[in-house]
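Participant: predicted model, plus sequence, below.
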Amino acid sequence: MENEKTGGVRAAEHRPLCLCILAIGALFAWWNLYHDDGFLFLSNYLNQVESCLACYGGALGAFALIVGARASWRRRERPWLIALAIAQALTGTWLFIAVMADWPAGVIGGQLFIGTAFFSQLFFLMRWLCTRPVPHIAVAIAVAIATYGVLEAAAWAVMALFPLMPLRIAVRFLLLALCIVCSWRVLWKRPVSAQNGPEASPFASAETDKSAPRRLPPQLLLHCAAYWLIFGMTHAMASGIIPLGHDKLLPCYIGSVVAGGIFCVAFARDDHAAKLWPRVRTTIFPLTMLSFLLLSLANSGLTFISIGFAQCAMDAYLAFYLLATIVVMRKVHCSYLHAAATATLIAVPFIVIGVIIGDVLKVSVPLNTESYGTLSILAFLLLVAGTFWVGDDRRVELVWGLEKKLTPKRFEDKATTERCAKAVEKFGLTKREGEILLFVAQGQNAAAIAESEVISLNTARTHISRIHRKMNVHNQQELLRRLKEP
């Protein structure tokens, strides 16, 4: 009976996470299908560029809306969810009307509004997801990216078999309905604003923490600029090398599924999630560089592989970027709203610049072996600068603002951490009890631990009492003396 009860509790805990994953996957598939429409239905080259810029520019519109109206959606979250669902349905309808009317300006405007609705919905879902442990978030993002590829591949297959406009509309609205239903099941019953603790309230003011948010270092800005610039160029150049049409989209969807698998293997384990930035050098960097090199082979019989690699690299980095935003939020003690807005303001301008550069190169430079060789060298130097400039792993943590330099107090913290690790082995504490022990050793009481770890006060007190019993102490002073024993 006890096992059945425990299994039921675990299922209840994982159900919202699974629904969130499905909602994010359906949301990405819904948005990307409309993004592809900008290339499939606009014959004019300039309109295609404007459509691409409008899709990404919607992120700026979304965060201008969210930041400007933050007092409103914090108080009335559910009406905002309803308004977002209506806006998504209306913008999708608008775009199809513009397509059928052969109205390029209407299509581009529809892309902008769809981008705004997409990034707004993504913000609410990621803000709920960021209350989870980092390894769980990494798995969720990886599965969501793979789900997005599977859903798009299924939609592509249906539309390839039955190329009818009403069916195209129905497929998109089915994806939107799936996203809305799953989102509401996650967010409607338990809005993030109703949860307790700073981690469960990602939009809480940064001033509630003793540490003020630290400024982003230039090395981190260079890293983001380098990668998003390269992905913007790759995206624009790929659309020029390969004839437009649904036949080029299947490898993109397969690339998304592969990207989810690669990201899960590279980042989802506890030890890998703790070393997020160094993993970029061993996974994201070679994948990105290889995708850029393979782009030159798109017209030599390797179109499928070239485009698949390009999409795989971009989606893997997108997954990393979503996870890194949450990690940085926790490390520098800021709200998720602040971290997500900063990440958007960094990424969108550089991917837009990359798209513009790629489009200019397509028009003005013959894309032959010699020109691709030069571009590959420049891309390699840019990626190396953005990936390896900061030096070794320890330097990554210091320069990227994720760990302060060790002051005398920090040296004491380091010594305390080592003593706690020894106590865990000596007294047979569990991993969770070891984490709570570190909080207690640093002078935090049960209330502070409950708030920091997003657990109830009774749970925090239970952990502390078990630690006292196993270490044979009765209060915090005795515990500290026991830790200092050799």
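Facilitator: The structure has been received and is ready for your questions.

Participant: please parse the chain into its domains.
Facilitator: Domain assignment for the chain by automatic domain parsing gives 17-194, 216-405, 408-483.

Participant: which parts of the stretch 1-150 of the chain are helices?
Facilitator: Here the stretch 1-150 of the chain has its helices, by DSSP state H, counting those that start in this stretch, at 2-40, 45-68, 70-75, 77-100, 104-129, 134-161.

Participant: dump the ones you listed to a markdown table, plus distance to L250.
Facilitator: Heads up, the C-betas are built off the backbone N, CA and C, glycines and all. Shown next, in a markdown table, are the helices of the stretch 1-150 of the chain (distance: least, CB to CB, whole Å):
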| stretch | distance to L250 |
| --- | --- |
| helix 2-40 | 12 |
| helix 45-68 | 20 |
| helix 70-75 | 38 |
| helix 77-100 | 22 |
| helix 104-129 | 22 |
| helix 134-161 | 6 |
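
Participant: tell me which of these lies nearest to E370.
Facilitator: Taking CB to CB, helix 45-68 is the member of the helices of the stretch 1-150 of the chain nearest to E370, at 23.9 Å.

Participant: so where is the stretch 201-350 of the chain shaky, pLDDT-wise?
Facilitator: Counting by pLDDT under 70, the stretch 201-350 of the chain contains low-confidence residues at 201-217, 239-248, 270-275, 298-301, 332-333.

Participant: kindly recompute the last result at 50.
Facilitator: 201-213, 244 (pLDDT under 50).

Participant: mean neighbour count for the domains of the chain - can I get that in JSON lines?
Facilitator: Listed next are the domains of the chain as JSON lines, based on neighbours: other CB atoms under 10 Å:
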{"stretch": "domain 17-194", "mean neighbour count": "19"}
{"stretch": "domain 216-405", "mean neighbour count": "19"}
{"stretch": "domain 408-483", "mean neighbour count": "15"}
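
Participant: can you give me the pLDDT of I357?
Facilitator: Per-residue confidence at I357 stands at 85 (pLDDT).

Participant: over to L122?
Facilitator: pLDDT, L122: 90.

Participant: check contacts around it.
Facilitator: 24, 27 (CB atoms under 8 Å, 6 or more residues apart in numbering).

Participant: and the gap between M329 and I356?
Facilitator: Distance, M329 to I356, by CB to CB, to the nearest Å: 30 Å.

Participant: now for the helices of the stretch 1-150 of the chain, which one comes closest to A379?
Facilitator: Proximity to A379 (CB to CB) singles out helix 45-68 among these, at 19.6 Å.

Participant: show the average pLDDT along that closest one.
Facilitator: In this model, helix 45-68 has an average pLDDT of 74.

Participant: ok, now stretch 183-200?
Facilitator: So the average pLDDT for stretch 183-200 ends up being 56.

Participant: helices of the stretch 151-300 of the chain, start to end?
Facilitator: 165-187, 218-241, 250-267, 270-274, 276-279, 285-294.

Participant: can you lay out these as CSV showing distance to V348?
Facilitator: As requested, those are exported to CSV (distance: least, CB to CB, whole Å):
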stretch, distance to V348
helix 165-187, 22
helix 218-241, 8
helix 250-267, 20
helix 270-274, 26
helix 276-279, 22
helix 285-294, 18
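
Participant: so which of these gets nearest Q442?
Facilitator: Within the helices of the stretch 151-300 of the chain, the stretch nearest Q442 is helix 270-274; the backing value is 18.8 Å (CB to CB).

Participant: OK, contacts around the residue most central in space within the chain?
Facilitator: Nearest to the mean C-alpha position of the chain, counting by CA atoms, centre = their mean, stands L322 at 1.6 Å. By CB under 8 Å, 6+ apart, the contact list for L322 reads 126, 141.

Participant: ok and the host helix or strand of it relative to helix 134-161, angle-wise?
Facilitator: Using DSSP states H and E, L322 sits within helix 303-332. Angle, helix 303-332 to helix 134-161, by axes from the mean of the first three to the mean of the last three CA atoms, to 10 degrees: 150 degrees.

Participant: so which of the helices of the stretch 151-300 of the chain comes closest to A415?
Facilitator: Proximity to A415 (CB to CB) singles out helix 270-274 among the helices of the stretch 151-300 of the chain, at 20.0 Å.

Participant: show me what contacts G92?
Facilitator: Going by CB under 8 Å, 6+ apart, G92 touches 30, 34, 114, 169, 172-173, 176.

Participant: from those residues, which two are the most distant?
Facilitator: Greatest spatial distance in the contacts of G92: I114 and I169, 13.8 Å, computed using CB to CB.

Participant: ok, the residue nearest to A324 when sequence neighbours are not counted to W228 distance?
Facilitator: Leaving aside its chain neighbours, A324 sits nearest to L276 (6.2 Å; criterion: CB to CB, 6 or more residues apart in numbering). Using CB to CB, L276 is found at 18 Å from W228.

Participant: and I464, what pLDDT?
Facilitator: pLDDT, I464: 91.

Participant: quick check: which element contains it?
Facilitator: Per DSSP H and E: helix 457-471 holds I464.

Participant: residues in contact with that helix?
Facilitator: With CB under 8 Å, 6+ apart as the test, helix 457-471 has contacts from 423, 427-429, 432-433, 436-437, 440, 446-447, 449-450, 453, 474-475, 479, 482.

Participant: show me those residues that map onto strands.
Facilitator: Among those, DSSP state E puts none in strands.

Participant: which ones among those are found in helices?
Facilitator: In helices, defined here by DSSP state H, the members of the contacts of helix 457-471 are 423, 427, 432-433, 436-437, 440, 446-447, 449-450, 453, 479, 482.
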